[in-house]
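> Sequence and predicted structure are below.
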Amino acid sequence: MRDHEIPGHLATYLNQSPIALALADARDDNPLLFINHGFRELTGYTGEEVIGHNCRMLQRDADNDEARERIREFLASERQLNVRTMLINFRKDGSPFVNLLYMSKLRQLDGRMPFIFASQFDVSRSQPDRLVAYDAELGRTIGKLTPVLAESGMVLEGSLTAIANTAATIAQAKLTLSDLDRASFP
Ligand SMILES: Cc1cc2nc3c(=O)[nH]c(=O)nc-3n(C[C@H](O)[C@H](O)[C@H](O)COP(=O)(O)O)c2cc1C
């Protein structure tokens with residue numbers, strides 16, 4: 001397997017998941033290599049429009065300095081297994097949303113790290129029960145990924161930590177979105 005090729009059975013598995021999922025190359029500027037149906041539905045972009053690009057294109061000119069710093073630290077770190085952070089993103093039609101992004105690393109058994117795994121969720125238009133359901137689905141997706149990855153000699157690093165306070169997380173995201181709307185349409 002060449003480093004940047006997504007094994008077919010992995011793509012098939014990720015495509016079956018109802019939540020937004022993406023894989024990027026762990027090298028260079030982390031170009032996207034794969035997005036599933038959930039990602040297309042969430043963002044409005046097709047594979048042709050985003051594959052080969054860094055996912056920061058979803059941020060347009062939003063000020064996500066703190067979240068981006070946390071992501072850069074995660075990407076640069078050998079020890080940090082995952083990261084969970086909220087970012088302001090825009091769909092293809094220009095509408096903003098607060099993206100609750102989860103990222104972890106796929107590693108080959110020989111230590112090489114070919115891919116970064118990510119999942120996206122619009123937390124700003126959600127309700128606590130939907131966030132809980134998303135978290136449970138992400139946990140299931142990650143859990144069932146283990147045997148799928150094992151076929152290609154890979155492991156997903158880190159395990160999902162559930163959101164401690166879903167109501168507070170959503171309230172914060174809704175506030176961020178309304179601040180953004182006020183700034184755009186004063
Ligand atoms: C697999 C993967 C998926 C990502 N998904 C998103 C995303 O949905 N939205 C987003 O704003 N950033 C996403 N990112 C993060 C950005 O690509 C980038 O790493 C981040 O903005 C920090 O780098 P920068 O400060 O150089 O932009 C993703 C990164 C990777 C590797």
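Done, it's in.

> Show me the strands in this structure, by range?
For the chain, strands defined by DSSP state E occupy the ranges 20-25, 32-35, 82-90, 96-108, 115-122, 154-156.

> most tightly surrounded among the ones you listed?
For the strands of the chain, average neighbour numbers computed from mean count of other CB atoms under 10 Å are highest in strand 115-122, which has a mean of 24. Heads up, the C-betas are built off the backbone N, CA and C, glycines and all.

> returning to what we had before: turn the strands of the chain into CSV, including mean pLDDT and distance to the ligand.
Output for the strands of the chain, formatted as CSV (pLDDT from 0 to 100; distance: least, CB to the nearest ligand atom, whole Å):
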stretch, mean pLDDT, distance to the ligand
strand 20-25, 97, 3
strand 32-35, 97, 6
strand 82-90, 97, 4
strand 96-108, 96, 5
strand 115-122, 97, 3
strand 154-156, 94, 12
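
> May I see these arranged in a markdown table, with distance to residue 178 as well?
Converted to a markdown table, these look like this (distance: least, CB to CB, whole Å):
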| stretch | distance to residue 178 |
| --- | --- |
| strand 20-25 | 23 |
| strand 32-35 | 28 |
| strand 82-90 | 12 |
| strand 96-108 | 10 |
| strand 115-122 | 15 |
| strand 154-156 | 35 |
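
> so which of those strands gets nearest residue 12?
strand 32-35 (11.0 Å; CB to CB).

> What are the contacting residues of the lowest-mean-pLDDT helix or strand in the chain?
Taking mean pLDDT, DSSP states H and E as the measure, helix 166-184 is the helix or strand of the chain with the lowest mean score, a mean of 91. Defining contact as CB atoms under 8 Å, 6 or more residues apart in numbering, one finds that helix 166-184 is touched by 62, 86, 88, 96-98, 100, 123-128, 131-132, 135, 163.

> Next, the angle from that helix to strand 82-90.
Orientation check (axes from the mean of the first three to the mean of the last three CA atoms, to 10 degrees): helix 166-184 against strand 82-90 gives 30 degrees.
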